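**Q** fold the following, please.
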Amino acid sequence: MRRPKQGNASADSAIVSFDSCPAKTFATSDGRTLAGRSVFNHCRIVGEIARAIVSRYPPGLRASLFPEGAPLVAAGHDIGKVSPTFYEKLRRACDPDAALPALAGIDPALEARWGGHPGVSQLAAVAAGAPAFVPEILGQHHGFSPPVAGRRAADEVFGGAVWQQERERLIAALKEALQTDWPQVGSAAQARLLAGLTSVADWIGSGEFFEDPALVWQPRIAQALDAAGFVSPAVKPGLSFEQVFGFAPRAAQRQLIEQAAAPGVYVLEAPMGLGKTEAALYAAYRMLERGQAWGIYFALPTQLTSNKIYERFGAFLGAALAEDCPHRSLLLHGNAWLLDTEMGEEGRPGGSWFQQGKRGLLAPFAVGTLDQALMAAMNVKHGFVRAFGLAGKVVILDEIHTYDAYTGTLLDALVDLLRQLQCTVIVLSATLNRERRGQLLDCELASGDYPLITAVPAGGAPVEVAVPMDDQQQVALRLEREPAAALSEALERAQAGQQVLWIENTVAEAQARYLDLAARAAELGVACGLLHSRFTADDRQRLEAHWVGLFGKDGWSERRRQGRILIGTQVLEQSLDIDADFLVSRFCPTDMLLQRMGRLWRHADTPRVAGACCEVWLLAPEPQAAVETPQQAFGASAAVYSPYVLCRSLEVWSGRERLELPGDIRPLIEATYAARPETGAMARWLHELEKGSRHRLGWQALRQLARVALAEDGVTLPESKAQTRYSETESGEVLLLRDLLPLPEQQASRLTLLNGEQVLLPWQQGRLSRREWRCLAARLMRQVVKVRLADAPLPVPLDTLRKFGFQHCFYLGRPEDDEAVLRLALLDESGVLHGLQGARVHDRHSLGYRDDLGYRLIED
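**A** Presented below is the predicted three-dimensional model:
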C-alpha cells in the first residue's frame, strides 16, 4: 500500500496496488471469511475461460463470430474492482483478522450511485482509450447498463487519477498475460455476442472450480467448461433421413433439406401434420455435420406448449448424436442439464440463471420458448447472454403466426440479429400471410403458393419454392351459438367411442367446461381430462403423459376401448402430435383455428370407431351481434384476441359448411388479414386495433413499445418487466406446499410437498453440497405454478422468504428493480389455498388448486 502525492483529489485515502486488490471473499472450511483471489488473478482466469470457450466452436464459426482479442474483453470486466469503495466493501466482509488494511473515509454504500464496480470498469476503459463498444460491454457484465452518465474514471469517488493509473496498469498486465490487445468490434450484434461471452466466462470463473485462491487454476479451466456443459457436440456422420426418423422423407421435407444447405433464413409454410419438425431437425443435423453450426435451439411458441416436444427432440438426438457425445446423457434424461452442469455464480440454485428455461439457451441442444429467444434482441437484463447462447446455432422457430403486432416486431428484430450471429434460422408455420412473411424476411416476395418454402441464404437472393400437395382433406364445419348443444354432441360422440377435443381460449373457461362435463362423462363411461398451463410441473407432466399418449400414436391400441373428451386451452393447438375424431373449439382468429384443426384426423391410418367423421364445431356468436358488440358477443375471448380480428375471422368462416385442407389455408389467412377500408362499427374496431382504447393498446403503440424494448440506449429492463407478448397484466411464480414449518433446533425449514413428501430446506448454504442444492431446487421448482399476478397470492415479505431459506433455491428478485418475487401459498385437504401463518391469501378471491383442475379462482 502506498500513499498518494499531496494535492491529489484522493489524498485522504491510501492506494492499493492492482495486484493486491481482492476480487472476492473466500469462505474456509472452518467458517472464516478471508480475501479470495486478487482482481488480476480473477480477471486472467475469466479471460482464459473465454479463450477456451471460443476454441470449442467449429473453426469456421469461430473465425466469423469472435474478433481477435475477445478474451481481453472478458478479462477486463472487473478492472473496476480496483477502486477504494470496492476494496473497502470486501475488507469489511472479511473477518477482522484477515490482514487487509483499512482505507480511511471510504463509504462502500456510495457504489449504488454508479452501479458498483461494473460502472467503474466502463469508465476506466473509456479513459484508457478502449475501442468502440468495449467500455459498454465491461459495464454491462452484471446484466444492466450502469448509471455512469456525467462521471469520469479520475473522479474523486473512484480514487482520483492515482487509482485510475492502477486500473490502467492492470489492463497492461492483462494484455501481457493474455498476449492480446483490445478487439475491434465490428457491429452492435457482435458487441452483444462479446458481452454474453464475458458474463458467462465470469460466472464460470466465479464458480466452485476457482473459489480457493490457494489452488492452481490453469488445469481447472477444461474441467470447469466440461462441467458447465460447454462441450463441442459430435454427430454420427452420413445419416439419412430415414436412419434418423425411421421413415422416408416427404416432398416438402426433402425440399427444405435441399434449400437449407447454408446459414440463412428459411421459411417452411405447410399444413399441420406434414412433418415440418422432422424436416427442420434433419436440416439442422446436416449443418452440424458440416461444422456450420454448433448446436440447435428449438423455440416453441409459448410456455403453454406441451412437454411432448421434448421427447421428440430427445429421440432425434438419440439417433443423431455420436455414441461418445456427452450431450446424449444430458439431454435424454429430463432435468439432467439442470442437475449435472455447474454454471458458476449466476447459474447456482437461487441465482437468476438456474432455471432450465434460461440455461437451455447456453446448452448446445435445447428445447425452449420463443419468449426466451426474443429477449436476446431486447434491452433486458442479460439479454446479451441469450444472444451469445444462440450464436452459431440452428434456431428453429416453431408455429409462427400472422397475429400479434408487438411480438411480431420483436421477432423481426430477433431474426435480423440471428442472421448477424451466423445462425441458420428455420421458421415453421402453417398460417403466415404473404405480407407477414415479407416482413419477417425483410424482402419483397411474390408467390401465393401453398405449401411453400422461402429461402434467403446468407448473402443470397430470396428463392420461393412451391411444394406439390396432392392430398386434400375434407372437413365438415358447423358454427354453433349454444355451448349446451356442443356439450351434448361431445358426450354423445364420446359415448359412441370417439376421441373428442374441446379447446377454450382461457384457463377459467376450460376449467368451467371440465366441471360441466366430467361428472356427466363418468356416468356414461366416458373418460374426461383437462390440460392447461396452470398446473405444477409434476401434475402437468403426469396429465400430458396420460392424455397426449392416449390421443397420439402410442394410444392406438387403447383408442377403441373407451370414448374420451380432452378439454384444454392453447396448449392443445401447438406442437402436439395428437389426433381427435371430433373437435369443438371456442372461436378465435383464423390462424389459431387452423392450428387447432391440425389436431383433427391428423393421420390417415389412425384407428377410428364406426360412424366417426372429420368434423369441427366452432362456438361462435351471430356475426351481426359480434360486429355491434364484440366484447359481449365473444366474451372473455375479446380480452385475449383483438375484437377486429375476431370479427374479420368470423366473417371469413360464416356460411361455410365444409373446408378443404390444405387448399383453403392460404385463402382463409389472406382474406382475414388483407388490409381494406372499413365503415360503421368495423371502422371503429379497426381504429381501436390500430390506435387502441382505454381498455387496450393499439398496434401502433404496441410496435412503438416493442421498439423501446429493443432500444440499446434505453433503461435496461429487469426480466420480470420484459414482456415478449404484450399484456396489460404481469405474471409470476407461485410455490404451492401442503405445509411449511421452521425447525430452529435443526436450523432448517420442513416443507411438505403436494404429494405429502417432506423435505428439509437448510438455512445455511454450507449444509448441502452444490449438487444437493441443485437437486433440491429442481424438486421445488416442480411445485411452482405460473399465474397472472392479479390472480396470485399476496406477496410474502422478502425477509420472511429468506428466514425460511428460499433464497438458496429460488431467485427472489432485486427489490431495487421492482422485480417480481416468489409467491407462496399452502394447500389444505379441501383444495383451498391459504397464506402463511394464517395470513390472507388474496384481497378479493378465494384461491384453490386441484390436481385435475389446476390453479383457480374460487367464487365466494
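**Q** CA only for contacts and neighbour counts going forward, please
**A** Will do.
**Q** end to end, how far does stretch 119-138 reach?
**A** Length of stretch 119-138, first residue to last, Cα to Cα, to the nearest Å: 8 Å.
**Q** I misspoke; the intended subject was stretch 673-680.
**A** 19 Å.
**Q** any idea how far it is from the chain center?
**A** 36 Å (Cα atoms, centre = their mean, to the nearest Å).
**Q** ok, which stretches of the stretch 651-800 of the chain are helices?
**A** Per DSSP state H, counting those that start in this stretch, the stretch 651-800 of the chain carries helices over the ranges 665-673, 680-691, 699-710, 770-781, 798-804.
**Q** where among those is the average confidence lowest?
**A** When the helices of the stretch 651-800 of the chain are compared by mean pLDDT, helix 699-710 comes last with a mean of 68.
**Q** returning to that earlier point: show me the one of the helices of the stretch 651-800 of the chain that comes nearest residue 762.
**A** helix 798-804 (8.2 Å; Cα to Cα).
**Q** in the closest one, what's buried?
**A** Buried residues in helix 798-804, counted by 16 or more other Cα atoms under 10 Å: 798, 801, 804.
**Q** return the residues in contact with the second one.
**A** Residue 801 sits next to residue 807 when contact means Cα atoms under 8 Å, 6 or more residues apart in numbering.
**Q** same question, residue 493
**A** Residue 493 touches 499-500, 563, 582, counting by Cα under 8 Å, 6+ apart.
**Q** between the residues you listed, which is closest to residue 117?
**A** Ranked by distance to residue 117 (Cα to Cα), those are led by residue 500 at 59.6 Å.
**Q** is that closest one in a bridge, and if so with what?
**A** With DSSP bridges as the criterion, residue 500 is bridged to residue 565, residue 582.
**Q** center of the protein - which residue?
**A** residue 372 (2.7 Å; Cα atoms, centre = their mean).
**Q** the helices in the stretch 101-250 of the chain, which residues?
**A** Using DSSP H, counting those that start in this stretch, helices in the stretch 101-250 of the chain cover 117-127, 134-139, 160-178, 188-205, 220-228, 241-245.
**Q** ok, back up a step: what's the closest of the helices of the stretch 651-800 of the chain to residue 458?
**A** helix 699-710 (23.3 Å).
**Q** ok, back up a step: to residue 662, which of the helices of the stretch 101-250 of the chain lies closest?
**A** With Cα to Cα, the closest approach to residue 662 among these belongs to helix 241-245: 24.2 Å.
**Q** rewinding a little: need the helices of the stretch 651-800 of the chain in CSV with distance to residue 851, can you?
**A** Formatted as CSV, these follow (distance: least, Cα to Cα, whole Å):
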stretch, distance to residue 851
helix 665-673, 38
helix 680-691, 38
helix 699-710, 37
helix 770-781, 16
helix 798-804, 25
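**Q** related to what we said a few turns ago, which of the contacts of residue 493 sit farthest apart?
**A** 563 and 582 (11.1 Å).
**Q** common neighbours of those two, please.
**A** Residues touching both residue 563 and residue 582 (Cα under 8 Å, 6+ apart): 493, 498-500.
**Q** hang on, the earlier thing: quick one: which of the buried residues of helix 798-804 is nearest residue 834?
**A** Nearest member of the buried residues of helix 798-804 to residue 834, counting by Cα to Cα, is residue 801, at 15.9 Å.
**Q** ok, that closest one to residue 596 distance?
**A** Note on residue 801: its distance to residue 596, by Cα to Cα, is 42 Å.
**Q** what's the answer for residue 756, then?
**A** Applying Cα to Cα, the value for residue 756 to residue 596 is 37 Å.
**Q** just want to know which of those two has more residues nearby.
**A** More neighbours surround residue 596 than the other of residue 756 and residue 596, with 23 against 11 (other Cα atoms under 10 Å).
**Q** give the contact list for that one.
**A** Going by Cα under 8 Å, 6+ apart, residue 596 touches 572-574, 585.
**Q** what's the farthest-apart pair in those residues?
**A** Within the contacts of residue 596, 574 and 585 form the most distant pair, 14.0 Å apart (Cα to Cα).
**Q** can you list the domains in the chain?
**A** Annotated domains of the chain cover 18-224, 241-466, 473-674, 731-858 [automatic domain parsing].
**Q** mind putting these in CSV, distance to residue 234 included?
**A** Shown next, in CSV, are the domains of the chain (distance: least, Cα to Cα, whole Å):
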stretch, distance to residue 234
domain 18-224, 11
domain 241-466, 6
domain 473-674, 27
domain 731-858, 26
